[in-house]
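Novice: Next comes the sequence, and after it the predicted model I'd like to discuss.
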Amino acid sequence: MTKEELREIIRKNLIDLRNQYGLNQTEIGKKVNKGKTAVASWEQGISLPDITTLYNLSKIYNVPMEYFYEEHTRLTPEDFGFIEGDTIDTSILFEKEGEQSESI
């Protein structure tokens, strides 16, 4: 793996984790004592967080540090053939005998 490929993997993981937690760049920056511009720089692939910052981010996101260096498949509803507006009948998963549940 090249340095550029690794940088891209880290960049994507930082963006994905931040979005999964519903945080903005300013909020993450404050949590790791960095500015919004530092976080933006990481997410643009211009620079990378130092090892201490990665450690702190791993604690915030509750992932091992290795997580940042690995590619992760991000599955979306479209990956399963669903399109916007579809409903999923989950009653078979949650139904107790004699009860009905709503589909989502």
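Specialist: Looks like it arrived, so ask away.

Novice: Extract the CA atoms of stretch 11-21 and return them as PDB.
Specialist: In PDB, the C-alpha atoms belonging to stretch 11-21 read as follows (Å, rounded to 0.1, in the frame of the first residue of the first chain):
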ATOM      1  CA  ARG A  11      -9.300  10.400   5.300                       C
ATOM      2  CA  LYS A  12     -12.400   8.400   4.500                       C
ATOM      3  CA  ASN A  13     -12.500   6.800   7.900                       C
ATOM      4  CA  LEU A  14     -12.300  10.100   9.700                       C
ATOM      5  CA  ILE A  15     -15.200  11.500   7.600                       C
ATOM      6  CA  ASP A  16     -17.300   8.400   8.000                       C
ATOM      7  CA  LEU A  17     -16.900   8.200  11.800                       C
ATOM      8  CA  ARG A  18     -17.600  11.900  12.300                       C
ATOM      9  CA  ASN A  19     -20.700  11.600  10.200                       C
ATOM     10  CA  GLN A  20     -21.800   8.500  12.000                       C
ATOM     11  CA  TYR A  21     -21.600  10.300  15.300                       C
END
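
Novice: What mean pLDDT does that stretch get?
Specialist: Averaged over stretch 11-21, pLDDT sits at 93.

Novice: The one helix or strand residue 9 maps to - contacts with which helices or strands?
Specialist: Assigned by DSSP states H and E, residue 9 belongs to helix 3-20. For helix 3-20, the packing partners by 3 or more CB pairs under 8 Å, 6 or more residues apart in numbering; DSSP states H and E come out as helix 36-43, helix 51-61. (C-beta placed from N, C-alpha, C; glycine too.)

Novice: Read off the pLDDT value for residue 72.
Specialist: The predicted local confidence for residue 72 is 77.

Novice: got it, and residue 3?
Specialist: In this prediction, residue 3 has a pLDDT value of 87.

Novice: Do I have it right that residue 11 meets residue 47?
Specialist: No. The criterion here is CB atoms under 8 Å, and residue 11 misses it with residue 47 at 10.0 Å.
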